[in-house]
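Q: heads up, no residue letters with this:
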C-alpha cells in the first residue's frame, strides 16, 4: 500500500490498535490544512449516516464504543487523535483494515460539507477535494476532473494526467481509458488491457418481486423465465450459473432445471418484462438479447428502458414495492483474497449492491466465519432474484502511451494519480 494522507502507519501485534501519521503538508483544495481531527470527524459522520440507514461500516464496526454512538455517546472512544496522528482502537483484531479503508466509502469529507449533527450533505454537488483531483465540471453526461497544482508532486506519477474526463455515456469512440472486462473489440482498436484475475460478477437483479401484483413476486415464474433466459443465452455465449467466481474452492455452477411444480406453473396472460440498463451501457448486449428472446418464447411482452446510472443503482438498493422495471443488469466485483468482507458487505450494507434476502437465510449464512460461500450461492439461486451470467476480470483498457508501472491492477480501484504518460 502507498499512503496518500498518511505518511506511515503501524499496528499492534494483535491488530487491535492502528496508528496513522498524517502528512503535515496536506491540504484541501481550498487551502485548509488536513488534520487528524478532520479524518476522525469524517468517519464519525459516516458511522452516523450508516447507522441511521440501518447499514454498516465494516471497517469501523468493531471500534471501541461503536455500539453506543450516537444515541448514548457523542463520540467513539475507539477514535483518538492529536496534532499529527490518528489512532483507532478495536475490540476485535482488524488485520485487513488497510484493505477496507481503500474503499471510497471511507474517503475524507471537508468539515464544511456536511451537517455535524446528522451527517447529511449540505450540498451534494459542492465538493472540496482532499485528493489530487478537483471537480471542474459535473453533469449527467460526465465529470471533468482537474489535477490540483498545489498537490504534492512526490505523491503523483512523474508525468501525471492533467485532466480526466469521466464520461457516463459516449458515442465518440475516442476514449483513452476504458473500464471493464476484456473485449476483443477494444484490442482491435489498439488498446492494451491492464487487469487481474476474473473477480467480476455480472448478473440480472429482479426488482419487482416485492410487488404482489407482479408475476415476478412468484418464485416459480422467476425460475421459468430464468431457465428460458439461460437457454437463449447459451446460443450466444456460455453463461456461468454461479454468483461467485468458480475460482473459489467448493463453488460450482447451479442447475437451472425446473422442479415438477415449477415446470407446471402457467405464465399469466399479458405478462411482460421491463428490462432496464444504465445509460453508460452500450446496447443490450448478449444477456439483454437473450432475455428478450426468452420473454418472446414465453409469449410475454418485452420493453427496454434506459435510465441514468445513478437512478439504476439507487433502485437496486431501494426497498420499494413498486418499480418502473422488472429486471436490471448490474455488475460488481469480489476480493479474491478476502471474499468474506465483500460477501458481508453485499448482504448487510445498503451502500453496495444490497443483495435481496427475502427469507433471512443469507443473513444467517454469513453470521459466522468461515462463510460457506457455496451455501450463499445456493440460497441466491433458490430465491431466483439474482441471475448471474459472467465473471470477467476487472481492469482498464488503455492506449499504448499510458504508463501503469506504479499501479497494482490486481487491487481495484486503480488510482488515477498513479497512472501517467510514458516517457
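A: Here it is on my side, so go on. Quick caveat: nothing in here was measured; it's all calculated off a predicted structure.
Q: C-alpha only now, for contacts and for neighbours.
A: Will do.
Q: For residue 301, what are phi and psi?
A: Summarising the backbone geometry of residue 301 under the convention degrees, to the nearest 10, its torsions are phi -80, psi 150.
Q: Make residue 1 into 235 and carry on from there
A: Okay, residue one is now 235; in that scheme the one you just asked about reads as residue 535.
Q: Apart from its neighbours in sequence, what residue is nearest it?
A: Distances taken as Cα to Cα, 6 or more residues apart in numbering place residue 506 nearest to residue 535, at 4.4 Å, with adjacent residues excluded.
Q: residue contacts, the one you found?
A: In this structure, residue 506 makes contact with 529, 534, 535, 536, 537, judged by Cα atoms under 8 Å, 6 or more residues apart in numbering.
Q: which residues touch the helix or strand harbouring the fourth one?
A: Taking DSSP states H and E as the definition, residue 536 sits inside strand 535-541. The list of residues contacting strand 535-541 from outside it, by Cα under 8 Å, 6+ apart, reads 504-513, 526, 529-530, 559.
Q: Out of the residues you listed, show me where the pLDDT dips lowest.
A: Taken together, those show their lowest pLDDT at residue 513, with 52.
Q: Any regions of the stretch 335-484 of the chain where pLDDT drops low?
A: Across the stretch 335-484 of the chain, residues meeting the criterion (pLDDT under 70) sit at 403-406, 414-419, 422.
Q: Skipping its backbone neighbours, what lies nearest residue 474 in space?
A: With Cα to Cα, 6+ apart as the criterion, residue 474 has its nearest non-adjacent residue at 4.8 Å, and that residue is residue 623.
Q: what lines up beside the helix or strand hosting that neighbour in the sheet?
A: Using DSSP H and E, residue 623 falls within strand 620-624. The strands that strand 620-624 pairs with in its sheet are strand 434-440 (antiparallel) (by DSSP bridges).
Q: Any buried residues in the partner strand, and which?
A: Of the residues in strand 434-440, those with enough neighbours to count as buried (16 or more other Cα atoms under 10 Å) are 434, 435, 436, 437, 438, 439, 440.
Q: Export those residues as JSON lines, with columns for distance to residue 594.
A: Rendered in JSON lines, the data for the buried residues of strand 434-440 read as follows (distance: Cα to Cα, whole Å):
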{"residue": "434", "distance to residue 594": "25"}
{"residue": "435", "distance to residue 594": "22"}
{"residue": "436", "distance to residue 594": "23"}
{"residue": "437", "distance to residue 594": "21"}
{"residue": "438", "distance to residue 594": "20"}
{"residue": "439", "distance to residue 594": "18"}
{"residue": "440", "distance to residue 594": "17"}
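Q: Alright, I will stop here.
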